[in-house]
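J.: Predicted structure and sequence below. I'll ask about it afterward.
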2 protein chains.
Amino acid sequence: MNMAPNLPEPAYKRIVIAGGGFAGLRLARSLRNTAYQVVLLDKNNYHQFQPLLYQVATAGLEPSAIAFPFRKIFHHLKNIHFRYCEVMGINPAGKEVLTSIGNIPYDLLVLAMGVDTNYYGNENLLRHVLPMKSVSEALTLRNRLLQNYEQALISTSEDERESLMNIVVAGGGPTGVEISGTLAEMRKTVFPKDFPELSFNKMRIILLEGGPRLLNGMSERSGFKALQSLQKMGVEIRTNTLVHDFDGTRVTSADGQSFRTTTVIWAAGVTGKACPGLPAEVWTRQNRIRTDAYLRVTGLNDVFALGDIAAVGQHQAFAGHPQLAQPAIQQAALLASNLKRELKGRPWKAFRYRDPGSLATIGRHKAVAEFRLFRFNGPPAWLLWLFIHLMAIVGVKNRLFIFLNWLWAYVTYDQSLRLILKNKE
Amino acid sequence: MNMAPNLPEPAYKRIVIAGGGFAGLRLARSLRNTAYQVVLLDKNNYHQFQPLLYQVATAGLEPSAIAFPFRKIFHHLKNIHFRYCEVMGINPAGKEVLTSIGNIPYDLLVLAMGVDTNYYGNENLLRHVLPMKSVSEALTLRNRLLQNYEQALISTSEDERESLMNIVVAGGGPTGVEISGTLAEMRKTVFPKDFPELSFNKMRIILLEGGPRLLNGMSERSGFKALQSLQKMGVEIRTNTLVHDFDGTRVTSADGQSFRTTTVIWAAGVTGKACPGLPAEVWTRQNRIRTDAYLRVTGLNDVFALGDIAAVGQHQAFAGHPQLAQPAIQQAALLASNLKRELKGRPWKAFRYRDPGSLATIGRHKAVAEFRLFRFNGPPAWLLWLFIHLMAIVGVKNRLFIFLNWLWAYVTYDQSLRLILKNKE
């Protein structure tokens, strides 16, 4: 195919945003109807609401409920252009982004590509574990879980059946806690009804965490509450247990433990997406891009970084803010406001993170919440979690449909989307 | 993997049903809580509601809205067993079905595998056209349509852009009419808003029909109404036009016409699924399996055929009932009732098709309906179409969600599910 980005010449300045996650999307929307020409690049044609990916993986929500097409978000916004492409690197000297649809010149560039799953260089893990960083990975996980039970049903070997039924979750952060809790509920309510010929009292759900406790980003008390709740639901939790290897049927830990399973859900770490062309010295040890307090990439005048991939801070020692939606959104809001201040000739403001508190859900009526002045758990935290996630979703229709889905699942104890669904192209 | 179907010994007789479409599912459900052991085989783990596939293909409905997991349908039904597998053939002498999970012995066998897309032996068509007989094919079509416009946007060649934007629909039956109408509406409402940089007044939608008129299964007047409505919506219709070939960028017809397009939606014919092991003489010229009035496959005592794949009738000359939901459902209901009569020692009844009338929708407020005593079109037919399809859907939740989706699309003129969504496994 003969192709080119086919963008109109900008009247004033062109801002290219690489990545339409929380940071990139917020920035683009905040710059609507300004003098800037905004070009958003993403390798998907939709924004994905990552905090609810685990519900797609466990058949609770449809992909479309948490994925919103960019073009629909940008209806009637004439200064915003979307291009469906892969970002391959940048050429800061020539002020160009290199993409799968050709080079795109920029006046200002914003790197908001986010992070990838980190397998810590282990080829076996890369090959065998199931990551959960995108809608398509979540769908793959859903298909795999359901297929495992279909296979367990026709297996003639007790060992094989055991490994098909057991699930190991690696990583005790919010994602690992949320998915273990959901699976424990499904083991109790949904699976035995779907597969009456299998014995789910033999199924093990094992949560492995490398550090000494769960929910490391929250207080010790919340981590302990989560541990207690999960244990009550029958999840086996091993802290201080690093995954060492996985051959597809057996996981081993660094301290010599071993678990029989075909399914390892990998929520054990992330690493910044690669971006060839950036000077080596801007990368932190966690593969994040170091910026100053104005979100400007160290040493580059017209390149910014936002969100999970950015380590925003004055000090070399600072590793960056938590890799969550809130810092990303606040950074995007600040950069948008600075860019608008520039149009009016006003000086820029520096970034300061306001921690709005954190929340994690564990299961029906179970969650932990903590804010500056108070913390709580149980049904109130669970309701708050539902409310905040619902309100954060893009689009009235998605909000309505997720609410109805949750209500339905709550009343019937049944998620109902258990399709093994494959497409070809 | 070591595997076997792992089925319990039946107390009385085992009925194996190959295929969980309208016929197979209805039969299985009607035999719940009887003395028979029912084993349903399907290569998907869900039943699909085919009449609405075209709405999945055009981003109007989620796959899950028209797909219902078998295991959920069979909750608490102890005499029904589902096995997720491919049927590879039968061995009538040994009374076994040959499947991808091993051989399954039967007392009675019911063939309800339905039909496949018919490419009439043309390798080019098989390779390039887009069929629409399953949820995954519909998703592939949706992805392709959306990707075409993303590509048209970055193309530097006018010819290429033209072929990416044009769509040819082959086949003027209900599916072809419904999808042409939906695409014509999207060309007017959704596409120009999503892709303001493309000129959709240049996009052509061409419907090719080999016969002399549209909706061949309905009256001439309904066919003419559909033609009129589609033409008013800007669909170009060529009757008496058989597709001859398609090389991926250009369609040619048997009478020498030629259309530039990358997208040919294939709704031009079906052929019965193969079933090695059946005697050659039971197949009709359309690859359907000939049965007697009791749905018994000619010459075989304990094998039945139902639905699209069956040609039920006394006379050699009869080609079979229309390949629609209604004959399939009526046949399944009759066979179930006969099998239950047998348990009570009563004689079997012969099949007689009661034509309940037919309906086809064309677009917003547009449809045609005909029944024995009257026929009508326009908004009343359209509302009836909506109501009947909604009521036929399995499951209260699916019904509610489809209703809300339709209501939303009706009010906003926007389907909103335009995700290019791929999974890996």
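T.: Done, it's in.
J.: residues near residue A:99, how many?
T.: The tally of other residues near residue A:99 (other C-beta atoms under 10 Å in any protein chain shown) stands at 22. (Glycine included, C-beta is placed from N, CA and C.)
J.: can I assume residue A:86 is in contact with residue A:102?
T.: No: the criterion here is C-beta atoms under 8 Å, and residue A:86 misses it with residue A:102 at 11.6 Å.
J.: Compare these two (neighbour count), which wins?
T.: Set residue A:86 next to residue A:102 and count neighbours by other C-beta under 10 Å: residue A:102 wins out with 16 against 11.
J.: Phi, psi for the more buried one please.
T.: phi 110, psi 170 (degrees, to the nearest 10).
J.: mind listing the strands in the stretch 301-425 of chain A by residue range?
T.: For the stretch 301-425 of chain A, the strands defined by DSSP state E, counting those that start in this stretch occupy A:303-305, A:310-312, A:358-363, A:366-370, A:375-377.
J.: Ramachandran angles for residue A:266?
T.: Dihedral angles of residue A:266 (phi, psi; degrees, to the nearest 10) stand at phi -100, psi 100.
J.: was I right about it contacting residue A:132?
T.: Yes: between residue A:266 and residue A:132 there is a contact under C-beta under 8 Å: 7.2 Å.
J.: Now list whatever residues contact both of the two.
T.: The contact sets of residue A:266 and residue A:132 do not overlap (C-beta atoms under 8 Å, 6 or more residues apart in numbering or on different chains).
J.: on that earlier part again, and the strands of the stretch 301-425 of chain A: which comes nearest residue B:236?
T.: strand A:303-305 (49.3 Å; C-beta to C-beta).
J.: mean confidence for the closest one?
T.: When pLDDT is averaged along strand A:303-305, the result is 98.
J.: Kindly provide the distance from residue A:13 to residue A:112.
T.: 18 Å (C-beta to C-beta, to the nearest Å).
J.: So between those two, which is more surrounded?
T.: residue A:112 (31 against 17).
J.: Please tell me how far the residue nearest the centre of chain A sits from residue A:129.
T.: In chain A, the residue lying closest to the centroid (C-alpha atoms, centre = their mean) is residue A:50, at 4.1 Å. For residue A:50, the distance to residue A:129 equals 18 Å [C-beta to C-beta].
J.: ok so, going back, you'd agree the residue nearest to the centre of chain A is up against residue A:323?
T.: No: judged on C-beta under 8 Å, residue A:50 makes no contact with residue A:323 at a distance of 10.3 Å.
J.: Alongside chain B, which residues does the stretch 151-300 of chain A contribute?
T.: Residues of the stretch 151-300 of chain A lying near chain B by C-beta under 8 Å from any C-beta of the partner chain: A:151, A:153, A:154, A:155, A:156, A:157, A:160, A:193, A:194, A:195, A:196, A:197.
J.: can you tell me which of these are in helices?
T.: Using DSSP state H, the subset of these located in helices is A:151, A:153, A:154, A:160, A:193, A:194.
J.: Compute the number of surrounding residues for the second one.
T.: Read it as residue A:153. Going by other C-beta under 10 Å, the residues that sit close to residue A:153 add up to 21.
J.: repeat for the fourth one
T.: As a burial measure, the neighbour count of residue A:160 was computed by other C-beta under 10 Å and equals 18.
J.: One more: the third one?
T.: Residue A:154 is flanked by 22 other residues according to other C-beta under 10 Å.
J.: Let me see the contact set for it.
T.: Shown in contact with residue A:154 (C-beta under 8 Å, 6+ apart): B:3, B:4, B:5, B:6, B:83, B:85, B:101, B:102.
J.: overlap between those residues and the residues near chain A?
T.: B:3, B:4, B:5, B:6, B:83, B:85, B:101, B:102.
J.: Out of these, which end up buried?
T.: B:3, B:5, B:6, B:83, B:85, B:101, B:102 (16 or more other C-beta atoms under 10 Å in any protein chain shown).
J.: hmm, which two among these are most spread apart?
T.: B:6 and B:85 (11.7 Å).
J.: just to revisit the earlier point, the contacts of residue A:154 in strands, which ones?
T.: Applying DSSP state E to those, the entries found in strands are B:83, B:102.
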